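K.L.:
sequence plus the predicted model coming up.
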Amino acid sequence: QVQLVESGGGLVQAGGSLRLSCTASGFTFSYYTMGWFRQAPGKEREFVVGIDRSGQTTRYADGVKGRFTISRDNAKKSVYLQMNSLKPEDTAVYYCAKVRTMFTSTSTTEGYDYWGQGTQVTVSS
């Protein structure tokens, strides 16, 4: 079965950095776009960034451009999110997700069908 396991969250001061990792199993990882989403308390889950199956094409939400970098290693079936210059408003549970349909890309929540358990990122001011 499909499994996505995130790690790397934690507590960091504003301006600091964190690196999230997501390791996948149960599907052909290299066929699928992967995404990172986040959900803050009382808010809807929102798209942060996506990366296509080759790793060549990425798409970032406006609020994280220039600060966050997504990458993937198909041999390790893993996707990463390097987060720099973190702000208190980045505080959320971060989720790794697999796109629903192979060879496609999307930024909508509905376009993803499997999610990790989430990892908490807390940025203090």
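P.N.:
Perfect, I can see it now.

K.L.:
nearest residue to the middle of the protein?
P.N.:
What sits nearest the mean C-alpha location of the chain, by CA atoms, centre = their mean, is W36, with 2.0 Å.

K.L.:
for it, what are its contacts?
P.N.:
20, 22, 48-50, 70, 79, 81, 94-97 (CB atoms under 8 Å, 6 or more residues apart in numbering). In this view, the C-beta of every residue, glycine as well, is placed from N, C-alpha and C.

K.L.:
let me have these in TSV, adding pLDDT, distance to G42 and secondary structure as columns.
P.N.:
Converted to TSV, the contacts of W36 look like this (pLDDT from 0 to 100; distance: CB to CB, whole Å; DSSP: H, G, I helix; E, B strand; the rest coil):
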residue	pLDDT	distance to G42	secondary structure
L20	98	22	strand
C22	98	25	strand
V48	98	18	strand
V49	98	22	strand
G50	97	24	strand
I70	98	26	strand
V79	98	27	strand
L81	98	23	strand
Y94	98	16	strand
Y95	98	16	strand
C96	98	22	strand
A97	98	21	strand
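
K.L.:
nearest to T58, out of these: which one, please.
P.N.:
Nearest to T58 among the contacts of W36 is I70, at 5.5 Å by CB to CB.
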